[in-house]
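> Here is a sequence together with a model predicted from it:
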Amino acid sequence: MKLEVQNLSQNYKSALAKKAFGEHITNALVDVCFYLHTGDILSVLGPNGSGKSTLLKCIANILPYSGSVKIDGVEVKSLKRKEIAKNIAILNQSNSNFFNFTVYERVKMGAYSSNCSHEKIMNILEQLNLEKYYKKPINNLSGGQYQRVLIASALIQESKIIMLDEPTNHLDIKYQLELIELLKSLTQNKGESEKIIISVMHDIDLAMNLTEKMLVLNGGKVSFFGSSKTMIEKDILNEVYGTNIRKLTLKNMERWK
């Protein structure tokens, strides 16, 4: 399987913005290009407002865009919503609870595009250390526990492409590392179950722990697409974040000696 993103652009222009700013248009994404194959994991980095979350929503055709997003040569815009769900699962940053479902019910809701047995749900819950909470109402969970429930809902969908927006938010270090290993394992199962994973990351160290392949956004544009090794060697992040990331990282490492 191949995911191709070519000249992807997204502009925010609302009635409110027009009233406030005239014809002002905010370019959230500008000519973003990259490609991924089955088994690839991509970490997306960038400062706040750089277009990371918008990118995921455009790939899933949640937000309108210009340019092209293709899965095995088929334009995502041409697919019906259920077909998109079979190909793409997305975990957004914001997921409000309007109904107090149990953990089991909330995870099962993620499988509407695929067949889902009780055994499969419990297996996913076990992978995320949630099996003992399966009858618990989601409004009674901690932030970290609920985050893991949302991740389980994305995984149960069995889509070919899994996209996660800062999935390690609210998780303890132990669960952050366990999630990283789980995501890696999903790209190592050869055959039908092998995935493409795209994860927006806030923590640079976790991003590099997850994968060698990096996409760095700044101001809606691609500042870098390639290996973490090259990204570090070229000090790409210093300019993007406006601070000396290398110096800060080395300084923090000194404290552990």
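Received, thanks.
> Could you report the neighbour count for the closest residue to Glu131 other than its chain neighbours?
Of all residues not flanking Glu131 in the chain, Leu125 sits nearest, at 4.5 Å (C-beta to C-beta, 6 or more residues apart in numbering). Quick note: C-beta positions are derived from backbone N, CA and C, even for glycine. By the measure other C-beta atoms under 10 Å, the count of residues near Leu125 is 21.
> any idea which element Leu125 lies in?
When elements are assigned from DSSP states H and E, Leu125 belongs to helix 118-127.
> following that helix, which helix or strand comes up?
Once helix 118-127 ends, the next helix or strand along the chain (criterion: DSSP H and E) is helix 143-155.
> Quick one: residues in contact with that following helix.
Contacts made with helix 143-155 from outside it, assessed by C-beta atoms under 8 Å, 6 or more residues apart in numbering, are listed as 89-91, 95, 97, 103, 106-107, 109-110, 124-125, 127-130, 133, 138, 141, 162, 164, 167, 169-172, 175, 179, 186.
> hang on, the earlier thing: what's near enough to touch the residue nearest to Glu131?
Contact analysis of Leu125 by C-beta under 8 Å, 6+ apart lists Val103, Tyr104, Val107, Glu131, Tyr133, Tyr134, Ala152.
> picking up where we left off before, put the buried members of the contacts of helix 143-155 into a PyMOL selection.
In PyMOL, a selection of the buried entries from the contacts of helix 143-155 looks like this (16 or more other C-beta atoms under 10 Å):
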select buried, resi 89+90+91+103+106+107+110+124+125+127+128+130+133+138+141+162+164+167+170+171+175+179+186
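> Return the distance of the residue nearest the centre of the chain relative to Ser53.
Centre of the chain computed as the mean C-alpha position; nearest residue by C-alpha atoms, centre = their mean is Leu164, 2.2 Å away. Applying C-beta to C-beta, to the nearest Å, one obtains 11 Å for the distance of Leu164 from Ser53.
> Report how many residues lie close to Thr243.
The burial count assigned to Thr243 is 11, neighbours taken as other C-beta under 10 Å.
> One more: the one 5 residues further on?
The number of residues packed around Leu248, counting by other C-beta under 10 Å, is 14.
> What is the neighbour count of the closest residue to Leu128 other than its chain neighbours?
Of all residues beyond its chain neighbours, the one nearest Leu128 is Arg148 (4.6 Å), with distances taken as C-beta to C-beta, 6+ apart. As a burial measure, Arg148 scores 25 neighbours (other C-beta under 10 Å).
> I'd like to know how many residues surround Asp203.
Burial of Asp203 is recorded as 15 neighbouring residues (other C-beta under 10 Å).
> any idea how far the residue nearest to it when sequence neighbours are not counted is from Lys221?
In this structure, Asp203 finds its nearest non-sequential neighbour in Thr168, 6.6 Å apart by C-beta to C-beta, 6+ apart. With distances taken as C-beta to C-beta, Thr168 is found 25 Å from Lys221.
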